[in-house]
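below are the sequence and a predicted model; questions follow.
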Amino acid sequence: MADDRLAAVARIALVAGAAGSIVLMLRAGARQPSTLLMVLFTGWVLSPFLALALANLRAARLPSRVRVALRASMVAVSALCLAIYGMHAVRGVMPAGFVYLFVPAAAWVLIAVAVGVNAIAAVRRTGANSG
């Protein structure tokens with residue numbers, strides 16, 4: 001039951017994070033004359049959200065620990081992206097190009113670390129129980 005709630009919260013957070021990130025990115029790039037550049041940025045900004053959504057489709061096959069890490073990553077990536085993009089929209093201290101290049105890269109690192117560490121721990125735990 002708790003797993004179902006976490007899954008629902010994670011899915012809602014992921015959709016809200018992706019939508020909010022795109023809206024804020026489009027706002028930041030409103031004066032950008034290059035349509036191609038905006039399309040490329042859109043793909044890059046959405047990439048962590050799409051990867052998490054695809055991983056969530058296969059979450060039922062994952063060990064419980066990894067599933068929880070995945071869903072926590074969904075919430076964390078959404079919250080952090082919206083917070084950083086929102087701060088940029090309000091304060092704009094750094095160039096938009098830097099923010100919208102760096103944040104998705106940092107999100108990928110966060111996802112890899114959170115899910116990867118828990119996957120390794122799950123494999124070790126399974127190996128320790130079998131031997």
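Cool, got the structure.

for the host helix or strand of Leu40, buried residues please.
Assigned by DSSP states H and E, Leu40 falls within helix 35-57. Buried residues in helix 35-57, defined by neighbour count with 16 or more other Cβ atoms under 10 Å: 41-42, 45-46, 48-49, 51-53, 55-56. For the C-beta atoms, the positions are set from N, CA and C on the backbone; glycine is no exception.

now those in TSV, with distance to Ala7 and pLDDT?
What follows is these, written out as TSV (distance: Cβ to Cβ, whole Å; pLDDT from 0 to 100):
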residue	distance to Ala7	pLDDT
Phe41	29	94
Thr42	26	95
Val45	24	97
Leu46	21	97
Pro48	18	97
Phe49	16	98
Ala51	17	95
Leu52	12	96
Ala53	12	96
Ala55	12	93
Asn56	8	93
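
what about the spatially closest residue to Ala28 that is not a sequence neighbour, how many residues close to it?
Spatial nearest neighbour of Ala28, chain neighbours left out: Ala96 (4.1 Å); criterion: Cβ to Cβ, 6 or more residues apart in numbering. When counting by other Cβ atoms under 10 Å, one arrives at 20 neighbours for Ala96.

next up, the contacts around Ala96.
Counting by Cβ atoms under 8 Å, 6 or more residues apart in numbering, Ala96 makes contact with 28-29, 88.

try 10 Å this time
24-25, 27-32, 41, 85, 88-89 (Cβ atoms under 10 Å, 6 or more residues apart in numbering).

from those, which is closest to Ile111?
Tyr85 (17.2 Å; Cβ to Cβ).

what helix or strand is the closest one on?
Counting by DSSP H and E, Tyr85 is part of helix 64-91.

helix 35-57 and that helix, what's the angle between them?
Helix 64-91 and helix 35-57 meet at an angle of 150 degrees, taking axes from the mean of the first three to the mean of the last three Cα atoms, to 10 degrees as the criterion.
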